[in-house]
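Colleague: what shape does this take:
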Amino acid sequence: MHNKSFLRTIFDRPIENLKIGNTVKTLQNKESLMLYRDILKFSNEFYWKNQNGDYWRDIIRKSARKEFELARDERDPILVMKMIVTSREAMQSTREKLIQEYYKMNNSITEDQKEQNNFFPKNT
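Modeller: The predicted structure is shown next:
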């Protein structure tokens, strides 16, 4: 593994035969930390409150913290990577849905403004 790149080593061997060392653990820790930070940044997009008066931003942050604390002691590297990938996919899916809803809301507002301008024409 001295002359080979890390990725080449992974691709050359079946996953069951890979020896999980400090390098993989370090990469997983870095990826987990990046994911956690991305979730915290993304939670800022949720600035409205739920029916109980709690900000969704805070709910998402608490939930993420709880999930990361539960996964902290997981030692199976394959399971850790699956959790990271699943979390990233869920965040991306949520982001896409949020963008779609923003787009719908913006179009609705634009249509309402057009209707109001037609109903109350400007004097020229």
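Colleague: phi and psi next, for the residue nearest in space to the middle of the chain.
Modeller: In the chain, the centroid-proximal residue (CA atoms, centre = their mean) is Met91; its distance is 2.8 Å. Dihedral pair for Met91: phi -70, psi -40, per degrees, to the nearest 10.
Colleague: surely it touches Tyr36?
Modeller: No. The criterion here is CB atoms under 8 Å, and Met91 misses it with Tyr36 at 10.9 Å. No exception for glycine: its C-beta is placed from N, CA and C like everyone else's.
Colleague: next structured bit after the helix or strand of the chain with the lowest mean pLDDT?
Modeller: Using mean pLDDT, DSSP states H and E, helix 6-12 stands out as the lowest-scoring helix or strand of the chain, at a mean of 66. Moving toward the C-terminus from helix 6-12, the next helix or strand (DSSP states H and E) is helix 22-43.
Colleague: counting by contacts, list what that next one packs against.
Modeller: helix 56-71, helix 77-119 (3 or more CB pairs under 8 Å, 6 or more residues apart in numbering; DSSP states H and E).
Colleague: give me whichever of those is most buried.
Modeller: Per residue and on average, the most neighbours among these fall to helix 56-71, with a mean of 14 (mean count of other CB atoms under 10 Å).
Colleague: please name every helix or strand in contact with it.
Modeller: So helix 56-71, by 3+ CB pairs under 8 Å, 6+ apart, packs with helix 22-43, helix 77-119.
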